[in-house]
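*Asks:* quick one, fold the following:
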Amino acid sequence: MRYRTRVTGPAAALIGTTAALTLGGHTAYATGSEGAAPGPETLGDPVFPALGNDGYRVGAYHLDLSYDATTTLVDATATLEIRTTQDLSRLSLDALGLDIRSVRVDGRPAGFEAADEKLRITPSRPLRAHCRATVRVTYTADPRRALAHTAWVPTPDGFAVCPQPDSAHTVFPCNDHPSDKARFSFRITVPSTLKAVASGSLVRTEQLAGDRTAYSYRSRFPIATELVQITVGDYVVKDRQGPHGLPLRDVVPVARAEALEPALALTPGLVDWLEQRLGAYPFETYGLLPCNSDDPAAFDFTGLETQTLTLYKPNFLLQAEPKIGSHMMHELVHSYFGNMVSPATWADLWINEGHADFYGLLYRYERGWPDSLGLTTFEARMKDTYARGDQWRRTSGPVAAPNAANLFDSQRYLGGVLVLYALRQLIGEDAFHAVERAFLARFRDSSASTEDYIAVACEVSGQDVSGFLRDWLYGTTTPRMPGHPDWTVTPVTPSLTAPHDKTGARRHENSATL
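*Replies:* Have a look, this model is predicted:
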């Protein structure tokens, strides 16, 4: 989509000459350099082709936010440590709905302009390839601003954020693509009556003048921009211990802390079950954030796996364990598939969602909890899903070939589960578990593609399963299911729809674990 340009500096800079630019109240100088060129304003994602920026990679983000409870505005500074991959006369960040006040590159004022969802930055001198640079952007954000899309979740006492898939850049300027993961630090200043929490671990608390408190957090592991969590509100942080001494923390609305405790107390058991299958939990902490809002329009999903802190609506977690346990497992699985190993492109989303539903359903059926269709075994659910295969391939495309409109359809969730089930049927349970662990180990703290998963499956299983998996992932018809020659696919008719499919719904509403 394109949006009307909001210009905060001259509409263009003279590249390849020496020119004085007066931007944002500063005078900067762009010095010509042979071979330097503007960095490409895309990373070429097949689902979101305008997302991300090439020419550099981000090593770290340092976000300093100050929340004013009276105006409900956020004054912020985003400092990016980058490394260039080419000579750059100009670079760009993804940014939307941010009132940019100034930009500095390596401490020097830089020219800047906003165009569509890009913040174009012209340093006072071109940046050389393979060099480190620091970009600092000061800005103001309004969490309640109406935008074409937004990550902000306003609450009566503050906010939370839900950046997935393409909205982190409404909170802070960034290279907003999961293939460019980085480390994060956060400093969030709030009135002392409120609490601020972010992804990672608390490293410092400062009592400031004016009855304000600053909370600082740092991630030990890289985070994709779509997985960042920052929240402010009337919260209590409840600490408990998980397996092997893992620190668990839940960020809970004070008024609901007691009512939510039965759901929060489930987490240690969930972590223990999953560690037995996928290995040690991969981050420094885990917990839940029941966002302090019951507004049905606050966000259009049940849970979101922001790193180290899963976002939920409180009312969902007030239900009995059989209603929530499977989905809580789904979100925890994302700590491995989606967070520790992020998708190389958004077309690889099935790896995240297929695995989250796969283990979430296993957890459900082990406990004898009927699913939304009344089924009580994994095999029965896969047989039902198999019958829908051709219809889903028609309405939502192949499992690994989504577009922006159908990205979060059931095909990426249950369709992804069916692919994993078929692979397990073909190579056997022991080889399948070996593939899973090898994939996670090989791509830990980075991003991986569908082809990466196929390559690991071939190598670890000792079989060439590449053609088999590509048929399941990219075919327009559903292949035969190994071990189940009697399973049939329902013929496609224009009027046929899947009763439980919510085509067009966003994020996790199509999860079979609900």
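
*Asks:* can you map out the strands along the stretch 151-300 of the chain?
*Replies:* Secondary structure of the stretch 151-300 of the chain by DSSP state E, counting those that start in this stretch: the strands cover 152-155, 158-161, 183-191, 195-198, 201-208, 212-218, 230-233, 235-241, 247-253, 288-290.

*Asks:* the ones you listed: which one's closest to residue 318?
*Replies:* Nearest of the strands of the stretch 151-300 of the chain to residue 318, taken as Cβ to Cβ: strand 288-290 at 9.0 Å. Every C-beta, even on glycine, is put in place using the N, C-alpha and C of the backbone.

*Asks:* what's the average pLDDT for the closest one?
*Replies:* For strand 288-290, the mean per-residue pLDDT is 97.

*Asks:* for stretch 184-204, same thing?
*Replies:* For stretch 184-204, mean pLDDT rounds to 98.

*Asks:* and that stretch, how far from the chain's centre?
*Replies:* 20 Å (Cα atoms, centre = their mean, to the nearest Å).

*Asks:* and that stretch, what's buried?
*Replies:* 184-191, 194-202 (16 or more other Cβ atoms under 10 Å).

*Asks:* span of stretch 470-483 from start to end?
*Replies:* 19 Å (Cα to Cα, to the nearest Å).

*Asks:* kindly report the same for stretch 103-114.
*Replies:* Start-to-end, stretch 103-114 (Cα to Cα) is 12 Å.

*Asks:* and residue 445, what does it touch?
*Replies:* In this structure, residue 445 makes contact with 181, 221, 222, 340, judged by Cβ atoms under 8 Å, 6 or more residues apart in numbering.

*Asks:* check residue 197 too.
*Replies:* Counted by Cβ under 8 Å, 6+ apart, residue 197 has contacts 215, 217, 229, 230, 231, 235, 237, 251, 289, 309.

*Asks:* ok, now residue 59?
*Replies:* 81, 82, 83, 132, 182, 183.

*Asks:* how far away is residue 485 from residue 423?
*Replies:* For residue 485, the distance to residue 423 (Cβ to Cβ, to the nearest Å) stands at 17 Å.

*Asks:* pick out whichever of the two has more residues nearby.
*Replies:* Comparing residue 485 with residue 423 by other Cβ atoms under 10 Å, the one with more neighbours is residue 423, at 23 against 8.

*Asks:* isn't the more buried one right up against residue 431?
*Replies:* No. Applying Cβ atoms under 8 Å as the test, residue 423 and residue 431 come out as separate, 9.1 Å apart.

*Asks:* re the thing from before, out of the contacts of residue 445, which end up buried?
*Replies:* Applying 16+ other Cβ under 10 Å to the contacts of residue 445 flags 181, 221, 222, 340 as buried.

*Asks:* from those residues, which is closest to residue 56?
*Replies:* Out of the buried ones among the contacts of residue 445, the member with the shortest distance to residue 56 (by Cβ to Cβ) is residue 181, at 14.0 Å.

*Asks:* list the contacts of the closest one.
*Replies:* Counting by Cβ under 8 Å, 6+ apart, the residues that residue 181 touches are 222, 223, 224, 342, 445, 446, 447.

*Asks:* which one of those residues has the most neighbours?
*Replies:* So for the contacts of residue 181 (other Cβ under 10 Å), the most neighbours sit at residue 342, 27 neighbours.

*Asks:* and for the strand or helix carrying it, what are the contacting residues?
*Replies:* When elements are assigned from DSSP states H and E, residue 342 belongs to strand 341-343. Residues from elsewhere that reach strand 341-343 (Cβ under 8 Å, 6+ apart): 178-179, 181, 224, 227, 349, 351-352, 439-440, 443-444, 446-449.

*Asks:* what pLDDT, on average, does that strand get?
*Replies:* pLDDT averaged over strand 341-343 gives 98.

*Asks:* immediately after that strand, which helix or strand?
*Replies:* helix 349-366.

*Asks:* alpha carbons only: can I get that following helix in PDB?
*Replies:* Taking C-alpha atoms only, helix 349-366 is exported to PDB below (Å, rounded to 0.1, in the frame of the first residue of the first chain):
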ATOM      1  CA  LEU A 349       5.400 -18.700   8.300                       C
ATOM      2  CA  TRP A 350       4.100 -22.300   8.100                       C
ATOM      3  CA  ILE A 351       7.300 -23.300  10.000                       C
ATOM      4  CA  ASN A 352       6.200 -21.200  12.900                       C
ATOM      5  CA  GLU A 353       2.500 -21.900  13.000                       C
ATOM      6  CA  GLY A 354       2.600 -25.500  11.800                       C
ATOM      7  CA  HIS A 355       5.000 -26.400  14.600                       C
ATOM      8  CA  ALA A 356       3.100 -24.400  17.200                       C
ATOM      9  CA  ASP A 357      -0.100 -26.200  16.400                       C
ATOM     10  CA  PHE A 358       1.600 -29.600  16.000                       C
ATOM     11  CA  TYR A 359       2.900 -29.600  19.600                       C
ATOM     12  CA  GLY A 360      -0.100 -27.800  20.900                       C
ATOM     13  CA  LEU A 361      -2.400 -30.500  19.500                       C
ATOM     14  CA  LEU A 362      -0.200 -33.300  20.800                       C
ATOM     15  CA  TYR A 363      -0.400 -31.700  24.300                       C
ATOM     16  CA  ARG A 364      -4.200 -31.500  24.000                       C
ATOM     17  CA  TYR A 365      -4.700 -35.100  22.900                       C
ATOM     18  CA  GLU A 366      -2.300 -36.500  25.500                       C
END
